[in-house]
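1. Got a predicted structure here, sequence first:
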Amino acid sequence: MYNRKEFKGDFSITSSDNPLADKLADDMRECMNSHRCTPPMLPGAALEVMQLARTPEPDFKAIASSLEKDPLLAARVLRTANTALFASGGRIDSIRHALVRLGVGTVRNLVLQEAMNLRVFRSRIYRQEAEGVRVHCFATALAARSVAEYTPLSPEYMYMVGLLHDVGLVLGLGALEVLAGPKEITPFPSAVYWPALIATHEEANGLMCTRWNMPPELTLLLSQHHHVMLGGQPHPGLAVLALAEVFADLRGFGVTRRGSRPMKQTGRRPDERPQQVIEEALTALDLSELQFDAARQRVDAVFLEAFGQRPGDPGTASSAGA
Ligand SMILES: [Fe+2]
Ligand SMILES: [Fe+2]
């Protein structure tokens, strides 16, 4: 059952109460807004598919042709399309077939996910952290798709929002690498760089979205995704995302791991959602506590399918830092 005691926590996104982290965050902002730090780019074929999928009547032939220009990406999309998480029934053997069977929204998400896995969730020094962000974004996308089924929102749109919602952390890792210089190990303690990453990542999301030519509504949402309110009004997309992150976190797929060193030092985890945000989200979506519990069980079943993790195993995610 819904238990308020599970969801306590402080919540500060712009300031860390740590002067060293605040100084590092300022240096990262300066770096990310300069030519010294280049946001990772999606492959050209993925950017084309994202644009084509956005049109009111997407052209399947054009989408398939764009994607087939990148055989590695196309092959990875097909491989994932044939997993139980995305399709059931007979084998999907071409991108055109995937578009017909799964729909444009699902294929766009598969392209985005595989493109980000190939090119974006990477770091020279912070490999473990980049992998943690990848798993966290995937888990949040899965959870957001399930939670959206209890709302009028498109589950596929919310999956895309979940995939993208913390991509700014990767730009932050890139800024940390630039600040580290040629060193092969991080010169910053994790208790300093994690709060700095969290403090800067919404702004970094905005920079990434602009670079990837994302629509303005999505850019705005991702730039303020740690709140349920947008422009003074509750935003249903942000509310779904907030609940999705809570469910991911409860199963050990938070962006920072429960009990990890920086959290022991600061007494809290910087990406934690407090109870107030959850209750705002439930109100914004007009969801009852029973629906909250049902959504949570559905998300657990999806995690079991995706990660082989049994519900009731919090904190056992195999990927570090997630
Ligand atoms: Fe997150
Ligand atoms: Fe975030």
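-> Received it, and whenever you're ready, just let me know what you need. Ligands and ions are numbered 1, 2, ... in the order given.
2. And Asp59, how close does it get to Arg108?
-> To Arg108, Asp59 is 13 Å away according to CB to CB, to the nearest Å. Using the backbone N, CA and C atoms, a C-beta is placed for each residue, glycine as well.
3. Is the residue in the stretch 151-300 of the chain that ligand 1 sits nearest to within a helix or a strand, and which one?
-> Closest residue of the stretch 151-300 of the chain to ligand 1, CB to the ion: Asp166 (4.2 Å). Under the criterion of DSSP states H and E, Asp166 resides outside all helices and strands.
4. My guess is it contacts Ala204. True?
-> No - the pair Asp166 and Ala204 does not pass the contact test of CB atoms under 8 Å, sitting 9.4 Å apart.
5. what about Gly90, neighbour count?
-> 9 (other CB atoms under 10 Å).
6. ok, now which ones touch the residue nearest the centre of the chain?
-> Note on the chain: the residue nearest the mean C-alpha position is Cys137, at 2.9 Å, using CA atoms, centre = their mean. By CB atoms under 8 Å, 6 or more residues apart in numbering, the residues touching Cys137 are Met116, Phe121, Gly162, Leu163, Leu164, His165, Asp166, Val167.
7. Now the fifth one: closest residue in space, sequence neighbours ignored.
-> Think Leu164. Leu222 (5.9 Å; CB to CB, 6 or more residues apart in numbering).
8. Same check on the second one?
-> The shortest distance from Phe121 to any residue other than its chain neighbours is 3.7 Å, reached at Arg134 (CB to CB, 6+ apart).
9. If I follow the layout properly, the one you found ends up in contact with Leu118?
-> No - contact criterion CB under 8 Å: Arg134 and Leu118 do not qualify, at 10.9 Å.
10. Who has more neighbours out of the two?
-> Arg134 (23 against 16).
11. That one is in what secondary structure piece?
-> Residue-wise, Arg134 maps onto helix 127-148 under DSSP H and E.
12. coming back round to it: kindly reformat the contacts of Cys137 as JSON lines and extend each row with neighbour count, distance to Leu238 and pLDDT.
-> Formatted as JSON lines, the contacts of Cys137 follow (neighbours: other CB atoms under 10 Å; distance: CB to CB, whole Å; pLDDT from 0 to 100):
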{"residue": "Met116", "neighbour count": "23", "distance to Leu238": "21", "pLDDT": "96"}
{"residue": "Phe121", "neighbour count": "23", "distance to Leu238": "23", "pLDDT": "95"}
{"residue": "Gly162", "neighbour count": "28", "distance to Leu238": "12", "pLDDT": "97"}
{"residue": "Leu163", "neighbour count": "21", "distance to Leu238": "15", "pLDDT": "97"}
{"residue": "Leu164", "neighbour count": "26", "distance to Leu238": "13", "pLDDT": "97"}
{"residue": "His165", "neighbour count": "27", "distance to Leu238": "10", "pLDDT": "96"}
{"residue": "Asp166", "neighbour count": "26", "distance to Leu238": "14", "pLDDT": "96"}
{"residue": "Val167", "neighbour count": "25", "distance to Leu238": "16", "pLDDT": "96"}
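13. ok, which pair from those residues is furthest apart?
-> Phe121 and Gly162 (14.2 Å; CB to CB).
14. What count of nearby residues applies to Glu57?
-> For Glu57, using other CB under 10 Å, the count is 5.
15. Would you mind measuring from it to Ala295?
-> Using CB to CB, we find Glu57 at a distance of 32 Å from Ala295.
16. how about the residues of the stretch 151-300 of the chain near ligand 1?
-> By CB under 5 Å from the ion, the part of the stretch 151-300 of the chain that sits against ligand 1 consists of Asp166, Val255.
17. Please, where are all the helices along the stretch 151-300 of the chain?
-> With DSSP state H, counting those that start in this stretch applied, the stretch 151-300 of the chain shows helices at 155-164, 168-180, 190-211, 216-223, 236-250, 261-266, 275-285, 289-307, listed in chain order.
18. The third one to helix 155-164, inter-axis angle?
-> Here the directions of helix 190-211 and helix 155-164 differ by 130 degrees (axes from the mean of the first three to the mean of the last three CA atoms, to 10 degrees).
19. Please apply the same query to the fifth one.
-> Between the axes of helix 236-250 and helix 155-164, defined by the same axes, to 10 degrees, the angle is 60 degrees.
20. packing partners for helix 236-250?
-> For helix 236-250, the elements it packs on are helix 127-148, helix 155-164, helix 275-285, helix 289-307, judged by 3 or more CB pairs under 8 Å, 6 or more residues apart in numbering; DSSP states H and E.
21. buried residues in the third one?
-> Looking back up the chat, that one is helix 275-285. Val277, Ile278, Glu280, Ala281, Leu282, Ala284, Leu285 (16 or more other CB atoms under 10 Å).
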